[in-house]
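Trainee: Provided below are the primary sequence and the corresponding predicted coordinates.
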Amino acid sequence: MRSTLLPLAAAGALLAAAGAVASAAPATATAACTPAQVVANGGLESGSSPWSASSGVITSGGGQTAHGGSSFAWLDGYGSSHTDTLSQSVTLPTGCTSATLSLWLHVDTAETTAATAYDKLTASIGGTTLASWSNLDARPGYLQKSFDVSSFAGRTVTLSFTGTEDSGLQTSFVLDDIALDVSGGGTPTPTPTPTPTPTPSPTGTPSPDGTRTPAAPAYTVSLTSDASGASWTGHESVSFTNASATPLSEVYLRLWDNAHGSCPSTPITVTGVTGGTASALSVSCTAMKVTLPAPLAQGQSGTVGFDLGITVPSGADRFGHDGAYNFVGNALPVLAVRDGAGWHLDPYTNNGESFYSLAADFDVTLDHPSGLLVPATGTSVDTPGGSGRTVTRATASKVRDFAWGAGPFTKISGTSSAGVKVNVYSVSGISSGDAQSMLTTAKSAVDAHAQRFGAYPYAELDAVIDNSFWFGGMEYPGFVLDLVSTTALTHEIAHQWFYGIVGDDEYTSPWLDESFTDYATDLALGKTGSGCWSSVSWSSSAEKITDSMAYWDAHSSRYSTVVYTYGKCALHDLRRQIGDSAMSTLLHDYAQSHWYGVSTTAEFKAAAQAAAGTDLTSFWSQHRIEG
């Protein structure tokens with residue numbers, strides 16, 4: 001739910017889905033797999049070998065910077081007709097059934113168009129194109145891109161990047177930290193015959209009754225930081241209940257922030273698991289299966305515990321540190337959801353969100369140096385710790401995740417007219433006037449959204465402000481990251497209702513939080529969306545407001561335009577069709593009926609149809625809202 005303040009949010013990761021399921025075939029022995037990273041000199045720090053590259057592509061200066069280390073690959077950027085290449089032969093070992101290519105990409109351009117791709121970068125492996133980017137994907141900073149290349153297992157193939165620039169204004173494509181991680185296999189198994197399946201797809205035994213489980217999660221966490229607040233160690237446990245009639249024999253932990261490292265070297269480590277037997281990490285190290293000692297029948301409960309380590313990487317990101325300021329979003333492992341489709345184990349996306357979790361209770365204790373302020377989800381109480389240290393205990397009920405920050409922030413506080421305590425934490429460089437403006441915006445926004453959708457149910461709201469955030473803004477329960485921007489902050493606070501309180505499967509249905517949040521932002525700022533649907537222009541017959549993140553990661557330049565802009569314009573159109581009063585009642589009642597629950601497109605369409613009084617079939621078709 002990155003903010004639409006900037007078109008930068010449209011540039012995003014292209015995360016391919018996990019591979020195909022298999023049906024049994026005659027038994028054939030397969031080689032054992034030793035997990036490995038098979039790209040040599042992926043950080044470009046050891047000269048050009050074994051890369052083949054155009055002159056000047058591998059460099060360490062000239063106005064661009066590395067993602068890590070000092071060197072990088074810079075393709076194009078001349079402002080004249082030019083082609084640059086970068087390639088390496090790689091071998092994917094036989095027997096390794098999972099292979100993920102990842103890289104970090106930065107694009108900047110002098111082009112002024114918002115519609116025409118003049119300059120392009122294409123990534124391919126084994127002669128198969130994986131993705132292409134253009135001047136339309138320009139944004140500050142790096143984005144990670146990931147691709148499932150498991151189909152090339154057992155082959156030696158060429159990994160290549162080709163940048164082409166026209167005769168006009170420059171576009172620079174900068175690559176760094178390229179890795180190809182292989183894993184899986186390891187014992188003789190039947191050789192599978194691939195059967196095509198939608199990707200990504202839920203796995204495991206589904207709940208035939210559609211019940212979402214494990215239900216009522218309760219997390220207890222105790223962590224201690226180093227002197228900087230960038231490294232945390234301690235313990236986490238989670239209790240849960242099987243709400244489904246189908247026995248629960250395992251749970252999955254989502255270690256989302258491992259997408260920020262190179263699997264199997266990860267920033268989130270889980271060891272010493274109790275209450276079940278842990279399997280190796282999967283889904284690019286972002287999922288861990290824990291097999292329970294015995295299946296839980298409906299209504300039975302279990303608890304899984306583990307030791308936890310968190311290392312915050314460099315970078316002003318939702319999980320990263322900007323100098324002395326740490327932002328720790330999605331770092332606590334949370335339970336995946338099993339529903340009527342099975343386990344939801346979607347890949348991480350940096351383009352938007354993959355998150356799907358049920359409302360839970362968190363009790364989190366954070367032991368840190370007293371010189372660091374620690375804004376966090378929930379209600380926080382500070383008590384003295386050891387010498388020079390403070391213990392912040394944050395508790396939150398009925399939230400889907402937990403996030404915090406740590407750093408020498410400047411803090412100001414206030415109370416909204418409706419009685420919500422609002423805290424604004426600023427990094428250095430944010431003026432007192434801007435901080436005060438953001439406090440005023442936050443107090444106004446939380447009350448405006450509450451009036452439309454239902455009272456804000458938590459005691460306080462923290463906003464952390466840093467103008468270095470490349471993504472605009474990011475929301476967590478009771479805790480948002482943002483730039484100095486009235487529009488962006490109003491948007492992120494609206495997310496407290498859409499995904500925070502009214503949940504959804506963000507990978508499958510990103511419009512249910514982003515479109516609704518941008519619509520709520522317009523209403524809070526007095527914008528009517530008049531005529532905005534008239535500017536809609538679809539790029540293909542496959543493009544729909546209700547497409548999943550799998551589609552948007554493959555069409556990242558269109559994500560913000562369609563999901564944010566077209567989505568909110570469709571809701572404005574719906575309001576004009578059924579009337580202001582009916583639309584206001586619809587959204588308020590819909591939020592109330594899904595309070596702390598999970599919404600779906602089908603349920604919203606049914607509620608809208610009931611409120612409309614006229615057949616909306618043609619409306620859904622015209623606005624490409626399917627489901």
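Mentor: Arrived safely, thanks for sending. Computed from a prediction, not measured in an experiment: that's the story for all the values here.

Trainee: contacts only, for Gly261.
Mentor: Neighbour list for Gly261: Pro267, Cys285, Pro313 [criterion: C-beta atoms under 8 Å, 6 or more residues apart in numbering]. Quick note: C-beta positions are derived from backbone N, CA and C, even for glycine.

Trainee: so which of those residues wins on neighbours?
Mentor: Highest neighbour count within the contacts of Gly261: Cys285, with 25 neighbours (other C-beta atoms under 10 Å).

Trainee: what about that residue, which SS state?
Mentor: At Cys285 the chain is in coil, as set by DSSP: H, G, I helix; E, B strand; the rest coil.

Trainee: pLDDT score assigned to it?
Mentor: Per-residue confidence (pLDDT) for Cys285: 97.

Trainee: that one against Cys263, yeah?
Mentor: Yes. When contacts are counted by C-beta atoms under 8 Å, Cys285 is listed as touching Cys263 (3.6 Å).

Trainee: give me the neighbour count for Lys398.
Mentor: Using other C-beta under 10 Å, Lys398 has 16 other residues around it.

Trainee: now the helices for the stretch 501-627 of the chain?
Mentor: All helices of the stretch 501-627 of the chain, identified by DSSP state H, counting those that start in this stretch, fall at 511-524, 549-554, 556-559, 567-578, 580-593, 601-612, 617-622.

Trainee: buried residues of stretch 308-325, list them for me.
Mentor: Neighbour counts over stretch 308-325 (16 or more other C-beta atoms under 10 Å) mark 308, 310-312, 315-322, 324-325 as buried.

Trainee: ugh, wrong one, stretch 44-63
Mentor: Leu44, Glu45, Trp51, Ala53, Ser54, Val57, Ile58, Thr59.

Trainee: likewise for stretch 80-90?
Mentor: Those would be His82, Asp84, Leu86, Ser87, Gln88, Val90, for stretch 80-90 by 16+ other C-beta under 10 Å.

Trainee: count of neighbours near the nearest residue to Val381 once chain neighbours are set aside?
Mentor: Nearest residue to Val381 in three dimensions, chain neighbours excluded: Arg393, at 5.3 Å (C-beta to C-beta, 6 or more residues apart in numbering). If you count neighbours by other C-beta under 10 Å, Arg393 ends up with 17.

Trainee: so Arg393: helix, strand or coil?
Mentor: When classified by three-state DSSP, Arg393 comes out as strand.

Trainee: what's across from it in the sheet?
Mentor: Taking DSSP bridges as the rule, Arg393 bridges to Thr365, Val381.

Trainee: equivalent analysis for Thr85, please.
Mentor: Under the criterion used here (DSSP bridges), Thr85 is bridged to Thr162.

Trainee: that one contacts Thr164, doesn't it?
Mentor: No. In this structure Thr85 lies outside contact range of Thr164 using C-beta under 8 Å: 9.8 Å.

Trainee: ok, and what's touching stretch 532-547?
Mentor: With contact meaning C-beta under 8 Å, 6+ apart, stretch 532-547 is reached by 509, 511, 515, 551, 555, 558, 562-563, 565-570, 572-573, 601, 623-627.

Trainee: mind checking the pLDDT average for it?
Mentor: For stretch 532-547, the per-residue pLDDT averages 96.

Trainee: okay, how far is it across it, tip to tip?
Mentor: One end of stretch 532-547 sits 20 Å from the other (C-alpha to C-alpha, to the nearest Å).

Trainee: looking at the buried residues of stretch 308-325, which is nearest Val238?
Mentor: Using C-beta to C-beta, Leu308 comes nearest to Val238 of the buried residues of stretch 308-325, at 11.2 Å.

Trainee: helix, strand, or coil at the residue nearest to the closest one when sequence neighbours are not counted?
Mentor: Leaving out its chain neighbours, the residue that sits closest to Leu308 by C-beta to C-beta, 6+ apart is Glu236, at 4.8 Å. Assigned by three-state DSSP, the conformation of Glu236 is strand.

Trainee: what are the bridge partners for Glu236, then?
Mentor: Beta-bridge partners of Glu236, as defined by DSSP bridges: Val221, Phe306.

Trainee: tell me the contacts of the most centrally placed residue in the chain?
Mentor: By C-alpha atoms, centre = their mean, the chain has its centre lying nearest to Glu353, at 3.2 Å. Each residue near Glu353 by C-beta under 8 Å, 6+ apart is listed here: Met1, Tyr499, Glu506, Tyr507, Pro510, Asp513, Met549.

Trainee: could you check how far Thr158 is from Gly42?
Mentor: 15 Å (C-beta to C-beta, to the nearest Å).
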